[in-house]
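Enquirer: Here's my sequence, what's the structure:
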Amino acid sequence: MAREHILIVEDEEDIRELMRYNLSREGYTVTEAGTGEKGIRLAREKKPELVILDLMLPGIDGLEVCRTLRNDDALKSLAIVIVTAKGEEPDIVTGLELGADDYVTKPFSPRVLIARVRAVLRRKAGEETNATEDSIIQREGMKIHPGRHEVIIDNDPVDLTYTEFKILHLLARRPGWVFTRYQIVDAVRGEDHPVSDRSVDVQIVGLRKKLGRYADLIETVRGVGYRFKE
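Expert: Alright, predicted model coming up:
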């Protein structure tokens, strides 16, 4: 059974109770807050492993709460899953760029919420225990070697540009995480290899062609960005 502590920051009592009930059934310890101000206070007091954060809150909204939590050095390892109304893509993008780890849109299935929570906690744990910048990443017949800037598919080297390799490595290091185009730009730019948010899509197209039968490992999240399939 799960033992992690989860903080729910949601102003609608019915939705908050639905989340609390289902998370508690899975063995999580749950704390609740109905406002952003209380959510920030409880996050600092309780130091949960994960916060489920509604973006539409009275007073301080969810985006400001996310920004505040991410700027708190004591909460650097805190996972954040934002919850937003269906179709509010700009808010999703902004939330991810502020440091949220994943998102769920309303209305949502409790099973989907639980799956997202598990996935984020699993990724966080894996990242803390064994993920490093130089770790070799392998998925079936594809191997990514960051130290050598090398990709091998079925024992054959793949000729990737600097930017293509950086994008692939960024996504593959965190399977399931959604990266916005601006996050990809921030990770890739520099070292005299500029890339703009508008050119990210072009880079992805070229990268998929070179990956061949592994092209579908890079998934498009419509209106948001890209992720590497779990």
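Enquirer: ok now stretch 41-60, how far from the chain's centre?
Expert: 17 Å (Cα atoms, centre = their mean, to the nearest Å).
Enquirer: If you count neighbours, what's buried in it?
Expert: Neighbour counts over stretch 41-60 (16 or more other Cβ atoms under 10 Å) mark 42-43, 48-57, 60 as buried. In this view, the C-beta of every residue, glycine as well, is placed from N, C-alpha and C.
Enquirer: average model confidence for it?
Expert: For stretch 41-60, mean pLDDT is 94.
Enquirer: Can I get that stretch as PDB, trimmed to CA atoms?
Expert: This file holds the C-alpha atoms of stretch 41-60, laid out as PDB (Å, rounded to 0.1, in the frame of the first residue of the first chain):
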ATOM      1  CA  ARG A  41       0.900  27.100   4.400                       C
ATOM      2  CA  LEU A  42       0.100  23.400   4.600                       C
ATOM      3  CA  ALA A  43       2.700  22.500   2.000                       C
ATOM      4  CA  ARG A  44       5.300  24.200   4.100                       C
ATOM      5  CA  GLU A  45       4.100  22.700   7.400                       C
ATOM      6  CA  LYS A  46       3.400  19.100   6.200                       C
ATOM      7  CA  LYS A  47       6.000  18.800   3.400                       C
ATOM      8  CA  PRO A  48       3.900  16.300   1.400                       C
ATOM      9  CA  GLU A  49       5.400  14.300  -1.500                       C
ATOM     10  CA  LEU A  50       2.800  15.600  -4.000                       C
ATOM     11  CA  VAL A  51       0.300  18.400  -4.300                       C
ATOM     12  CA  ILE A  52      -2.900  18.100  -6.500                       C
ATOM     13  CA  LEU A  53      -3.500  21.800  -7.400                       C
ATOM     14  CA  ASP A  54      -6.600  23.200  -8.900                       C
ATOM     15  CA  LEU A  55      -5.800  26.300 -11.000                       C
ATOM     16  CA  MET A  56      -9.100  28.100 -10.400                       C
ATOM     17  CA  LEU A  57      -9.000  29.100  -6.700                       C
ATOM     18  CA  PRO A  58     -10.400  32.000  -4.800                       C
ATOM     19  CA  GLY A  59      -7.700  34.500  -3.700                       C
ATOM     20  CA  ILE A  60      -4.300  33.300  -4.800                       C
END
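Enquirer: from the buried residues of stretch 41-60, which ones fall inside strands?
Expert: Among these, DSSP state E puts L50, V51, I52, L53, D54 in strands.
Enquirer: Pull up the gap between the third one and K106, please.
Expert: Remark: distance between I52 and K106 (Cβ to Cβ, to the nearest Å) = 12 Å.
Enquirer: between the two, what contacts are shared?
Expert: Common contacts of I52 and K106, defined by Cβ atoms under 8 Å, 6 or more residues apart in numbering, comprise V83.
Enquirer: So which residue is dead centre in the protein?
Expert: D101 (3.1 Å; Cα atoms, centre = their mean).
Enquirer: Next up, the contacts around that one.
Expert: D101 touches A79, I80, V81, V120, R123, K124, W177, counting by Cβ under 8 Å, 6+ apart.
Enquirer: Of the buried residues of stretch 41-60, which pair is most distant in space?
Expert: Maximum pairwise distance in the buried residues of stretch 41-60, criterion Cβ to Cβ, is 23.9 Å, between E49 and M56.
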